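1. Turn this into a model:
(2 chains)
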Amino acid sequence: MKTPLASWPAALRARLAAPERDRTYHPFSAMVRKELSDHIRSWRTNILLLIVGLTCIASIYAVLNGLDRNAELDDTVKQFLFLRLFTATDGTIPSFITFVGFLGPLLGIGMGFDAIQNERGRGTLSRTLAQPVPRDYIINAKFVAALAIVGTLFVAMGFLVMALGILMTGIPPTPEQFARMFLFLLASVVYVAFWLNLSILFSVRMRSAATSALSGLGLWIFFVLFYPILVNVVVGALSPPTEYEAATWTQWLLRVSPNALFQEATSTLLVPEMRTISGFLTMEQAVGAIPAPLPLGQSLLLVWPQMTALVAGTLICFGISYLGFMRQEIRAR
Amino acid sequence: MRKTKRKWMLTGLLLVGSLLPAGTAGAAGELTVYAAQPFIAVTPGESVTHNVELINETDAVQKATLSVIGLPDGWTYELTSGGKNAREIAVKPDASSTATLDIDVPLQVERGVYRFTLSAGNGNTLPLAIEVTEQGIYETELTTEQPNIEGHADASFTYSASLRNRTAENQMYALRAETPGAGWEVSFTVSGERVSSVDVEAGATETVSVKVTPPQQVEAGTYTIPIVAETSSTSATLELQTAIIGRYDIELTTPSGLLSTDVTAGGDKKLELLVKNTGSVELTDVDLSSSTPIDWTVEFEPAKIDAIPPGESRTVVATLNASDAALAGDYALSIKASAPEASSDAQFRVSVKTSVVWGWFGILIIVVVLGGLGYLFRTYGRR
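-> Here you go, the predicted model:
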């Protein structure tokens, strides 16, 4: 970290020149590598990645099919055709962002729910800690490795979609569209990281891996399926004076759900014409408004609260699981 | 009736004559000279044609020497028969012969009735008369029915003038105009072509269209433009009048011409406006007003301009205040400068930007959380 910039190339050259067997890794880096290879070799992670990857490719395929059929596109659609690949749907298969919003949590939970129990169950936790490594390296390495896998997956999927889109439409993305796509991928990684951390938190707190998995999945199903129903029921029971207020209340209540935050953030990033997250304009706001796409900076400012909440939620979950793990008593069996 | 009677009488005479010895054939009254229209009214410069019939009522061939007696000075005539110049005409017995008498009435002639006689010799005469209905002149006339046209400075004025050649010869008229000042343009058009001279046959009339284009910055008023058509011997003048009425026109723009700006939601923005008087008359009491999205305000400094002379402009600073509730993105804003006589709209496109305060607040939250994590790392890490 404190190495001056000037000495970087020299250090890099020395590292690259060293033969494979002589290369020594920092203990943390070694642990991350081990975790990465565990993930890549595990059936569970591979099946999850395959499910996410295939469904997303299927939705892209449906969009491209739809684009071919609907030659009658208006100008704004044409202008942001590239971004439409992520948000549009031909009605048969949900859009890309819906899939990521739905399956991302599953991926996160699947990769993290037994992070600690697994080690504990096999008795490797105490053995690892017998080595001269700090204890937090374990939990940090688990988080970093899972995040690296998720990040790689999303960047790969994003570029795959971009390549498919260019192939099928012949229109390359503008730098701004590229930036929007990249921010969307980043938001997706943060969103998956939130669920990953939540499940790591459960794996730290719960004694059994099954309980931790069920807690994570239960929370996921609650937020994806039952929470919107619950909000509707609650708002209906409170019976707000106007339709506009009902919508506003629903929205504020829905924002408790990370799923809603993710949908709001990504759809605003990917649809530049969206000028407000609420989806409706008041009369005062609508008068004189010219329908025109927002610049990227303004879209970002619009979703900044959502992004802040997601990042903060992720970090808080990680902090709690870190704290829990560090205070835990670990005994050799 | 009288004619029939006369014919019978003639027939009787003929019968009597045929009984008489041939020696009397050359006596006076042997030929009757006849014209259908002995009295013709014309205008000066015209030519008159009399068709004359010579009737031989005798049974011998009659020879007549034709001449015109008593024609005024300067008048010319021509006698033809069968297309040929004829001085003597022979008429068969009991037959008739025709001759044509063409008389050119000169242009310079007094008004009145002119009497003269066509003589066929041997006392056979026919009195003829020509009435000249108007005073004859030897000059050119340039007239128009509408010498005065009114319009704005940016209009052009087209007059239709009649050029009448009232001389005996074809004339080539040079056309020119005297403009009231620099920048005026006068052009002449004859049958669709722009010309500087026009050829008019004797006695004929040509229509000349005169197009007057005043300079753009001409002041209101009435201008007289004399038009002259002249040859070396004759000329005519016509005075056209062009009445320029004042044009009220105003234009609202910005010094740079840029009609877009940006503003932070809930924030202020100063806009410099330019109010131009593009008309030719001074504008007074120019008011500035705006039509904005709801809860937006625009204040003008000054709010009212007392007077703007033609061609000049005034600067106004507008302070725009966007509503707190305005969404990021573009809004349309219309500012209007209106004098009692003219008004101008400027449509502004205002890009609303979200305040970055809450963005920093979000960053602050993340920094606090990261700080908390850092504290955890420091407290528990690396044991």
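
2. what secondary structure does the closest residue to chain B within the stretch 51-200 of chain A sit in?
-> Relative to chain B, the nearest point of the stretch 51-200 of chain A is A:Pro134 (4.1 Å; CB to the nearest CB). Glycine gets a C-beta too; all of them are placed from N, C-alpha and C. Of the three states, A:Pro134 takes coil under DSSP: H, G, I helix; E, B strand; the rest coil.

3. Lowest mean pLDDT among the helices and strands of chain A, which one is it?
-> helix A:75-79 (a mean of 61; mean pLDDT, DSSP states H and E).

4. likewise chain B?
-> Every helix and strand in chain B was compared by mean pLDDT, DSSP H and E; the lowest is helix B:2-19, with a mean of 53.

5. Chain neighbours aside, what residue packs nearest to the residue in the stretch 151-300 of chain A positioned nearest to chain B?
-> Across the stretch 151-300 of chain A, no residue is closer to chain B than A:Gly288, which sits at 3.4 Å (CB to the nearest CB). Distances taken as CB to CB, 6 or more residues apart in numbering or on different chains put B:Pro293 closest to A:Gly288, at 3.4 Å, once the chain neighbours are dropped.

6. Name all residues that make contact with that neighbour.
-> Listed by CB atoms under 8 Å, 6 or more residues apart in numbering or on different chains, the contact set of B:Pro293 reads A:Glu284, A:Gln285, A:Val287, A:Gly288, A:Ala289, B:Ser323, B:Ala326, B:Tyr331, B:Ala332, B:Leu333.

7. and whichever residue of the stretch 51-200 of chain B sits closest to chain A, what is it in contact with?
-> Proximity of the stretch 51-200 of chain B to chain A (CB to the nearest CB) peaks at B:Asp154, 33.8 Å away. The contact partners of B:Asp154, by CB under 8 Å, 6+ apart, come to B:Gln216, B:Arg247.

8. Assign a three-state SS to residue 154, would you?
-> Went with chain A since none was named. helix.

9. wait, chain B
-> coil.

10. pLDDT at it, what is it?
-> pLDDT, B:Asp154: 76.

11. what ranges do the helices span in chain B?
-> With DSSP state H, the ranges of helices along chain B come out as B:2-19, B:357-380.

12. what's the longest one packed up against?
-> When contacts are defined as 3 or more CB pairs under 8 Å, 6 or more residues apart in numbering or on different chains; DSSP states H and E, helix B:357-380 sits against helix A:296-327.

13. buried residues in the helix it packs on?
-> The neighbour-count check on helix A:296-327 (16 or more other CB atoms under 10 Å in any protein chain shown) flags A:296, A:298-326 as buried.

14. Flag every buried residue along stretch A:35-54.
-> A:Glu35, A:Leu36, A:His39, A:Thr45, A:Leu48, A:Leu49, A:Val52.

15. End to end on that stretch, go ahead and measure it.
-> For stretch A:35-54, the first-to-last residue distance is 24 Å (CA to CA, to the nearest Å).

16. what do you get for stretch B:55-68?
-> Using CA to CA, the two ends of stretch B:55-68 sit 18 Å apart.

17. Would you check the distance separating it from the middle of the chain?
-> 59 Å (CA atoms, centre = their mean, to the nearest Å).

18. List the buried residues for that stretch?
-> So for stretch B:55-68, counting by 16+ other CB under 10 Å, buried means B:Ile55, B:Asn56, B:Glu57, B:Thr58, B:Ala60, B:Gln62, B:Lys63, B:Ala64, B:Leu66, B:Val68.

19. Report how many residues lie close to A:Pro241.
-> By other CB atoms under 10 Å in any protein chain shown, 7 other residues sit near A:Pro241.

20. wait, B:Phe361
-> The burial count for B:Phe361: 12, using other CB under 10 Å.

21. cool, and A:Thr268?
-> 24.

22. what do you get for the one 3 residues further on?
-> By the criterion of other CB under 10 Å, A:Val271 has 20 neighbours.

23. B:Tyr138 now?
-> 15.

24. hang on, isn't it packed against B:Arg166?
-> Yes. Taking contacts as CB atoms under 8 Å, B:Tyr138 lies within contact range of B:Arg166: 6.9 Å.

25. Pull up the overlap in contacts between the two.
-> B:Leu107.

26. What residues of stretch A:57-69 count as buried?
-> A:Ile57, A:Ser59, A:Ile60, A:Ala62, A:Val63, A:Leu64, A:Gly66, A:Leu67.

27. Point out the residues in the stretch 51-200 of chain A that sit beside chain B.
-> A:Pro134, A:Arg135, A:Asp136 (CB under 8 Å from any CB of the partner chain).

28. tell me the pLDDT at the last one?
-> By that I understand A:Asp136. On the pLDDT scale, A:Asp136 gets 82.

29. Report the separation between B:Lys353 and B:Val113.
-> 99 Å (CB to CB, to the nearest Å).

30. Comparing the two, which shows the higher neighbour count?
-> B:Lys353 (19 against 11).

31. And chain A, is stretch B:308-325 touching that?
-> Yes. Under the criterion of CB under 8 Å from any CB, chain A is reached by stretch B:308-325 at B:Ser323, B:Ala325.

32. what's the first-to-last distance across that stretch?
-> 38 Å.

33. got it, and stretch B:131-141?
-> 23 Å.

34. what is the mean pLDDT for it?
-> Mean predicted lDDT for stretch B:131-141 stands at 79.

35. Give the residue spans of the stretch 1-150 of chain B that score low on pLDDT.
-> Per-residue confidence for the stretch 1-150 of chain B (pLDDT under 70) gives these ranges: B:1-29, B:136.

36. Show me what from it comes close to chain A.
-> Counting by CB under 8 Å from any CB, no residue of the stretch 1-150 of chain B is near chain A.

37. ok so, going back, what's the burial count for the residue of the stretch 151-300 of chain A closest to chain B?
-> By the criterion of other CB under 10 Å, A:Gly288 has 18 neighbours.

38. That one and B:Ser290 touch, don't they?
-> No. Here A:Gly288 does not reach B:Ser290: they are 10.9 Å apart, not a contact under CB under 8 Å.

39. who touches both of these two?
-> B:Leu333.

40. about what we covered before: so which of the buried residues of stretch B:55-68 is the closest to B:Asn170?
-> B:Val68 (27.5 Å; CB to CB).

41. Give the bridge partners for that closest one, please.
-> Beta-bridge pairing for B:Val68 (DSSP bridges): B:Leu118.

42. go on, B:Asn277?
-> Here B:Asn277, judged by DSSP bridges, has bridge partners B:Ile250.

43. measure it to B:Ala243 for me?
-> 22 Å.

44. go on, A:Ala286?
-> To B:Ala243, A:Ala286 is 51 Å away according to CB to CB.

45. residues contacting residue 172?
-> Picking chain A for this. A:Pro172 neighbours (CB under 8 Å, 6+ apart): A:Phe82, A:Ile166.

46. oops, I was thinking of chain B
-> B:Ser197, B:Val198, B:Asp199, B:Thr231.

47. can you count the residues close to the second one?
-> Here the number of neighbours of B:Val198 (other CB under 10 Å) works out to 19.

48. Perfect, I'm done here.
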